[in-house]
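S.K.: Got a predicted structure here, sequence first:
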Amino acid sequence: QGNMAFAGKYEFEGDENYDAFVKAIGLPSDKAEMGRNCKIVTEVLQNGNDFTWTQHFPGGRTTTNTFTIGKEADMETMGAKKFKATVKMEDGKIVADFPNYRHTAEISGGKLVEISTASGVVYKRTSKKIA
């Protein structure tokens, strides 16, 4: 269980249940459209329990969340809402409770697998490592 397992750059490869999920979290349709099959590049810098998690969207927009496992941090959702969350590590997965969904991230088979659950809808996004 390497502690540096998350560090790297990952490019969106595919997802499941996107439409049902954005509906469940009430994402406005213009934002939902923007995010559909979006070639998001996720860049993770990890230093022990300290993480900087940046998502680069096509067109130059980026979202960065900086957090330490087990400590409350200021975070931002994909809809650009700001909130506070305490990110945990459970069984090698990063777990964060966003305002209206639960998000987990893990490295599985060399890919970054992120799962968000809202009102029983499970959204899965897979990204392949590019750096």
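M.R.: Everything's here; your move.
S.K.: from memory Lys111 sits against Lys129, does it?
M.R.: Yes: with contacts counted by Cβ atoms under 8 Å, Lys111 reaches Lys129, the gap being 6.8 Å. Using the backbone N, CA and C atoms, a C-beta is placed for each residue, glycine as well.
S.K.: Can you check which residues contact both of those two?
M.R.: Tyr10 (Cβ atoms under 8 Å, 6 or more residues apart in numbering).
S.K.: The lowest-mean-pLDDT helix or strand in the chain - contacts with which helices or strands?
M.R.: In the chain, the helix or strand scored least confidently by mean pLDDT, DSSP states H and E is helix 29-35, which has a mean of 84. Contacts defined by 3 or more Cβ pairs under 8 Å, 6 or more residues apart in numbering; DSSP states H and E place helix 29-35 against helix 18-24.
S.K.: chain center to the helix it packs on, what's the gap?
M.R.: Relative to the chain's own centre, helix 18-24 is displaced by 15 Å; criterion: Cα atoms, centre = their mean, to the nearest Å.
S.K.: Make sure Gly59 is indeed in a strand.
M.R.: No: counting by DSSP: H, G, I helix; E, B strand; the rest coil, Gly59 is not found in a strand; it is coil.
S.K.: what about it, distance to Ala85?
M.R.: In this view, Gly59 and Ala85 are 27 Å apart by Cβ to Cβ, to the nearest Å.
S.K.: Those two: who's more crowded?
M.R.: Ala85 (18 against 7; other Cβ atoms under 10 Å).
S.K.: Since that was my last question, I'll sign off now.
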